[in-house]
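# Using only what follows, build the 3D model:
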Amino acid sequence: AMAYFEQLKDSQDAWEVDDHVKFFCFQVLEHQIKYRHAGLSGPQQQLIRETLMKWLQCQLMNRQPEKPFIRNKAAQVFALTFVMEYLTLWPKFFFDILSLVGLNPHGVDVYLRTLMAIDGEDTCRNTLIKDTMREQCIPSLVESWFQILQTFQQAQPELTCQCLEVVGAYVSWIDLNLIANDRFVNLLLSQMSVEDLREEACDCLFEIVNKGMDPVDKTKLVESLCQVLQSAGFFNIDQEEDVDFLAKFSRLVNGMGQSLVLSWTKLAKAGNVKAASESLQAVEGKVPLLLLLLGHADDDISANVVAFCYDYLHVLKQLPQLSDQQKANIEAVMLAVMKKLTYDDEYNFDNEGEDEAMFVEYRKQLKMLLDRLAQTATFMEVEVALRLLYMLGEALPASHGAHFTGDPTKASVLQEMMRTLVSCGVSGYQHTSVSLEFFETVIRYEKFFLVEPHHIPVVLMAFLDQRGLRHSSPKVRSRVAYLFSRFVKTLHKHMGAFIEDILRQIQDLLELAPPENGLPVLLTSDDQLFMFETAGILIVHGDSPAQRKQALMRSLLGPLMDAFRLLLDKLSHETDEERQAALGDCLSHAVGFASRTSKAFSNKQTVKQCGCTEVYHDCLQTFLPALGCPVQRGPLRSSVRSFLHRMIICLEEEVLPFVPAASQHMLKDCEAKDLQEFIPLISQITAKFKGQVSPFLQQVFMPLVAAIFEILARPVEENDQTAALENQMLRRSYFTFIQTVTSSGMNEVLANQGAENIERVLITIIQGAVDFPDPIAQKTCFIILSKLVDLWGGKDGLVGFLDFVYKHIVPACFLAPLKPTFDLTDAQTMLVLQQPDVKVLKNYIKAFFQRAKL
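I've put the predicted structure just below:
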């Protein structure tokens, strides 16, 4: 390869080959420079430089330029060479190129492409290269840009646009005075009047305006630019028909406006009243132009100035008092936003594409302005428009629904509007946006139905039929499933007469969808969680007797259990991993659905009072065999474990017979994460049932501890932060479990494990208090030690414990604070020392030594 480039350098017509051959040559050069540069000899590196310069020299003599893809690849190779050699081998890189190309159009083109390629090279963005360029060549580069812009603006507009792009790319990190001067800025402004150049000139001015600088200087710079632009007629946008240019110009106006707002913020914060006032005056001067652009028919042009408008409203919010003109500006913004929120005739509600998605995003930006307007303006009135009604409720929430009352003589405007909303038939529109906003507004003002519950049946029908849960749009159905659950939670007391009818209507939405049937489903599994919770609330909080509630709950969960048994059997015989995962997910969803129904119970409406104990017993008997399934163990264990957590709360002691078998399964072949999730379950059982589970805990204690020790003993790579964190969390869970046991008055659980096992456990607690740099674990361990000293420290305590106090606990109290990792300035560490149990431990040790003296 290098021999071939030697020929290219020496031959006069070597580069006169096929374009694809040229491209291949540059690819070879690119590979050599990118991956083998350090291994090349000095002459070989010199040969590459000479080959590149030879090619560039050929460009100056060619009548026609190379194809764009050749020039782009050449620019990439030049850029790579620059990054590799500028600081060491080729410090005159730019001077060599500039002296060669001069103002030759073909050469200038490659030069500008090279500059953009250098800007795109991440390795070029290091401080050393930038600093060196600032010192050695940036002034020369800027001068070359000026000459290019001046020379080619009429004859070669494409080169001028390239140069403007280069200026915009480099201005963020070079000395702004080289660009922001009369000579350069006047040239840029003159190019704003040239049709082929003005879009790139706008972008270039935008980058100049965005350059960080002193707020006073920034205000002067922006004002001087605006004066020239305004005098040149650029502010008369009504006369401009080129929307592409207006999109660029609106971006420039947005940048100038935000820069002025930032200058005002900095100056006001610094207490520079005079300069801040001048900056605010400059901001106000741009508002008429802002309003014209915000209300423009083209949404892209309008969207470009939303940020400036938002910042301007934020400025007004901070002012102690608004002038009449500022109030008029707020009103003008409000009217512009209302106008721009309207759907146009071309919006396709049935088949939303990219344009529709962009308009939805644009509306989200306008909503930000409405939120800001609501915080700024005091003049707004509620409009009879669904979206504005919802937005008003979001921006101006009434405290505890105070704008609704049961007294007709005191009904608010909002109450009148809600009556209109539920009775006018707007819910019947099948447009996705209208349907969503109807239900969102209903939920936002759900307290309206507490004072006027006779409207509930009308809205229930809307939720249940094709307007809501059976809407043609999956997006609407999904959102309505959640909103319906909220509606029922708030208003279930007013739905007694409709409960069984509602359950019948949603029955098909509560079916478990096995992966093999391939049928389309109306709701996703996440949506069904809300539906099961809703069904549970309706059953539990209805007025039916306990026997009827049991029958309804069984009709809800019975099909779920039947499907679970069939799917679990299929899973145990399935060999395809993808099918196993699908079946595992489906089984986990079934357990999750049953668990979600239990959220309907409360202290006032318990499982036992509702007669549903037997139903959940059956659920446990159905779900627990999944713990022994050899495949999809993680998802199944997680879901069943979560269900057990719920049943401990709901069934209380009725769940205890199921715990031993479940624990036995969950301790088999477990990982750190499994134990982290299992320990809270055992701790919950221990804390809730205490002495009732003492025999079980005595039996499971050492197998659980042994499993924990086995995992913690596994070697962990030094840089494996994930494994280290998992071990730390497992260790914390272990100590928390021991604390729960000792704090629940069940010292016999530990005492009956045998002397060797007891000492082994106690040593781990000493290690947690002293050796591990984890303040949270240390705090827990000292609490445990304090409790054990209190339990076993007397004459009738555990045999050998006093020796353990002398040998380990007393030294631990002195060794822990002496550890380098024991940081007394750390808040968690101070909590260790300030724990009441730790103070008891210190007092005990003090008394211990006093007795020893006697």
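# C-alpha from now on. contacts and neighbour counts both.
Will do.
# contacting residues around K489?
T534, I537 (CA atoms under 8 Å, 6 or more residues apart in numbering).
# For it, give its distance to H541.
Separation of K489 from H541 (CA to CA, to the nearest Å) stands at 10 Å.
# Apart from its neighbours in sequence, what residue is nearest R554?
V615 (6.0 Å; CA to CA, 6 or more residues apart in numbering).
# Quick check: that neighbour vs L552, distance?
According to CA to CA, V615 and L552 sit 10 Å apart.
# So those two - more neighbours on which side?
Legend: neighbour count by other CA atoms under 10 Å for V615 and L552, higher for L552 (21 against 18).
# Just the element for the more buried one, please.
Counting by DSSP states H and E, the element that carries L552 is helix 546-573.
# isn't the residue nearest to R554 right up against Q550?
Yes: with contact defined as CA atoms under 8 Å, V615 counts as touching Q550 (7.3 Å).
# Quick check: which element contains R36?
Element membership for R36, per DSSP H and E: helix 19-36.
# just checking, what packs against that helix?
On a contact count with 3 or more CA pairs under 8 Å, 6 or more residues apart in numbering; DSSP states H and E, helix 19-36 meets helix 68-85.
# what's the angle from the helix it packs on to helix 19-36?
20 degrees (axes from the mean of the first three to the mean of the last three CA atoms, to 10 degrees).
# can you list contacts of helix 68-85?
Among residues not part of helix 68-85, those counted as contacts by CA under 8 Å, 6+ apart are 19, 22-23, 26-27, 29-30, 33-34, 37, 49, 52, 90-91, 93, 110-111, 113-115, 117-118, 121, 123-124.
# Narrow the residues you listed to those that are buried.
Neighbour counting with 16 or more other CA atoms under 10 Å marks 22-23, 26-27, 29-30, 33, 37, 49, 52, 90-91, 93, 110-111, 113-115, 117-118, 124 as buried within the contacts of helix 68-85.
# Check the gap between L712 and F701 for me.
Applying CA to CA, the value for L712 to F701 is 17 Å.
# repeat for S435
With distances taken as CA to CA, S435 is found 56 Å from F701.
# Those two: who's more crowded?
More neighbours surround S435 than the other of S435 and F701, with 22 against 16 (other CA under 10 Å).
# Now do the contacts for the more buried one.
Applying CA under 8 Å, 6+ apart, the residues near S435 are S427, G428, Y429, R467, G468, V476.
# Look at the fourth one and tell me its secondary structure.
Same thing as R467. coil (DSSP: H, G, I helix; E, B strand; the rest coil).
# Quick check, it in contact with T432.
No: here R467 does not reach T432: they are 9.5 Å apart, not a contact under CA under 8 Å.
# The two: which is more packed in?
Taking other CA under 10 Å, R467 and T432 do not tie; R467 has more neighbours (25 against 19).
# how about low-confidence regions in the protein?
Low-confidence segments of the chain (pLDDT under 70): 1-17, 122-125, 371, 374-403, 405-413, 424-426, 429-430, 516-519, 821-854.
# neighbours of the residue lying closest to Q605 once chain neighbours are set aside, just the number please.
Nearest non-adjacent residue to Q605, counting by CA to CA, 6+ apart: V540, 7.0 Å away. V540: 27 surrounding residues under other CA under 10 Å.
# same check, this time on Q528
With other CA under 10 Å as criterion, Q528 counts 23.
# do G611 as well
18.
# just the one 10 residues further on next, same as before
Residue neighbour count, defined by other CA under 10 Å, stands at 12 for Q621.
# Quick check: it vs P657, distance?
11 Å.
# Among the contacts of S435, name the buried ones.
Neighbour-count burial (16+ other CA under 10 Å) applied to the contacts of S435 gives S427, R467, G468, V476.
# which residues sit in contact with the last one?
Neighbouring residues of V476 by CA under 8 Å, 6+ apart: T432, S435, L436, G468, L469.
# Is it possible to get TSV of those that adds distance to L335?
Output for the contacts of V476, formatted as TSV (distance: CA to CA, whole Å):
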residue	distance to L335
T432	25
S435	25
L436	24
G468	32
L469	35
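# Show me which of these is closest to A270.
Checking these against A270 by CA to CA gives L436 as the nearest, at 46.8 Å.
# does the closest one count as helix, strand or coil?
Per three-state DSSP, L436 ends up helix.
# In contact with it, which residues?
V476, R479, V480.
# If we use 7 Å, what do you get?
V476 (CA atoms under 7 Å, 6 or more residues apart in numbering).
# Mind telling me what element the residue nearest to R554 is part of?
helix 613-623.
# so what secondary structure elements neighbour that helix?
helix 546-573 (3 or more CA pairs under 7 Å, 6 or more residues apart in numbering; DSSP states H and E).
# how many other residues sit next to the nearest residue to A169 once chain neighbours are set aside?
Of all residues not flanking A169 in the chain, D119 sits nearest, at 7.2 Å (CA to CA, 6+ apart). Counted with other CA under 10 Å, residues neighbouring D119 total 16.
# I'd like to know how far D119 sits from P105.
21 Å.
# repeat for V315
49 Å.
# residue ranges for the helices of the stretch 151-300 of the chain, please.
157-170, 182-191, 198-209, 215-231, 243-270, 273-294, 299-304 (DSSP state H, counting those that start in this stretch).
# Just send the ones you listed back as JSON lines, with mean neighbour count and distance to L560 too.
Formatted as JSON lines, these follow (neighbours: other CA atoms under 10 Å; distance: least, CA to CA, whole Å):
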{"stretch": "helix 157-170", "mean neighbour count": "21", "distance to L560": "62"}
{"stretch": "helix 182-191", "mean neighbour count": "17", "distance to L560": "72"}
{"stretch": "helix 198-209", "mean neighbour count": "23", "distance to L560": "61"}
{"stretch": "helix 215-231", "mean neighbour count": "17", "distance to L560": "67"}
{"stretch": "helix 243-270", "mean neighbour count": "21", "distance to L560": "57"}
{"stretch": "helix 273-294", "mean neighbour count": "19", "distance to L560": "55"}
{"stretch": "helix 299-304", "mean neighbour count": "22", "distance to L560": "50"}
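# among those, which is nearest K67?
helix 157-170 (14.8 Å).
# Let me see the residues that make contact with the closest one.
If you take CA under 7 Å, 6+ apart as the criterion, helix 157-170 is touched by 109, 112, 115-116, 145, 148-149, 152-153, 196-197, 200-201, 203-204, 207.
# And for stretch 142-155?
So stretch 142-155 is contacted by L159, T160, C163, F184 (CA under 7 Å, 6+ apart).
# if we go to 6 Å?
T160 (CA atoms under 6 Å, 6 or more residues apart in numbering).
# repeat for stretch 638-654
S588, S595.
# Go through it and flag the buried ones.
Quick answer for stretch 638-654 (16+ other CA under 10 Å): 638-651.
# So which of these are in helices?
638-651 (DSSP state H).
# could the residues you listed be laid out in a markdown table, adding distance to L529?
Converted to a markdown table, those look like this (distance: CA to CA, whole Å):
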| residue | distance to L529 |
| --- | --- |
| S638 | 16 |
| S639 | 13 |
| V640 | 16 |
| R641 | 17 |
| S642 | 14 |
| F643 | 14 |
| L644 | 17 |
| H645 | 17 |
| R646 | 15 |
| M647 | 17 |
| I648 | 20 |
| I649 | 19 |
| C650 | 18 |
| L651 | 21 |
